[in-house]
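In: heads up, no residue letters with this:
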DNA sequence: GCCAACGTTGGC
DNA sequence: GCCAACGTTGGC
């Protein structure tokens, strides 16, 4: 299987894109949902993910690369099933792509982000990925 | 095994 | 601040 694409949410007041850029790399910890966990376990080195700011901003702001596959979440109790992956920033989007714009775009409205709004780690189809990147080339409205 | 109650996420 | 969606817990 070739490269796969993902979307990962973080509340920017807890951990933002700028925090990840500052750190150079980070582990995606704190995920406590089984579907999200399974998605992280399916990630391969080289897969790419959108960094989405939930709650504040509600927009995709950057592209990350998976640099280490799933391993136990050090913030979880020993023996728990929770995992993390390690990510690195690739580049910021020239212009953020907002949830509003995604919902309004028929080519994006079927994204997992929309279909299952509470899922914090979700797959993104290749066509959706390409379309979001294209949209990020120019500002909204 | 069902389901009501409760907690959390996240958009509005 | 509210609420919809969804997950978890615990009584039965």
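Out: Right, received. Where do you want to start? The model shown is predicted, which means the values in this text are computed figures rather than measured ones.
In: can you give me the helices for chain A?
Out: A:17-23, A:34-41, A:99-104, A:112-115, A:126-135 (DSSP state H).
In: so which of those helices gets nearest DNA strand C?
Out: helix A:34-41 (5.4 Å; Cβ to the nearest atom of the strand). C-beta coordinates here come from the backbone N, C-alpha and C atoms, glycine included.
In: quick one, what contacts residue A:37?
Out: Residues in contact with residue A:37 (Cβ atoms under 8 Å, 6 or more residues apart in numbering) are A:31, A:81, A:82, A:83, A:121.
In: coming back round to it: can you say which of the helices of chain A is nearest to DNA strand B?
Out: Among the helices of chain A, the nearest to DNA strand B by Cβ to the nearest atom of the strand is helix A:99-104 (5.3 Å).
In: Show me which residues of chain A are close to DNA strand C?
Out: Proximity of chain A to DNA strand C, by Cβ under 7 Å from any atom of the strand, involves residues A:33, A:34, A:35, A:116, A:117, A:118.
In: Tell me who's in contact with the closest residue to the third one other than its chain neighbours.
Out: Leaving aside its chain neighbours, residue A:35 sits nearest to residue A:119 (5.9 Å; criterion: Cβ to Cβ, 6 or more residues apart in numbering). Residue A:119 is in contact with A:33, A:35, A:36, A:112, A:113, counting by Cβ under 8 Å, 6+ apart.
In: same check, this time on residue A:120
Out: Counting by Cβ under 8 Å, 6+ apart, residue A:120 touches A:8, A:9, A:31, A:33, A:36, A:54.
In: Quick one: neighbours of the third one, just the number.
Out: Okay, so that is residue A:31. 22 (other Cβ atoms under 10 Å).
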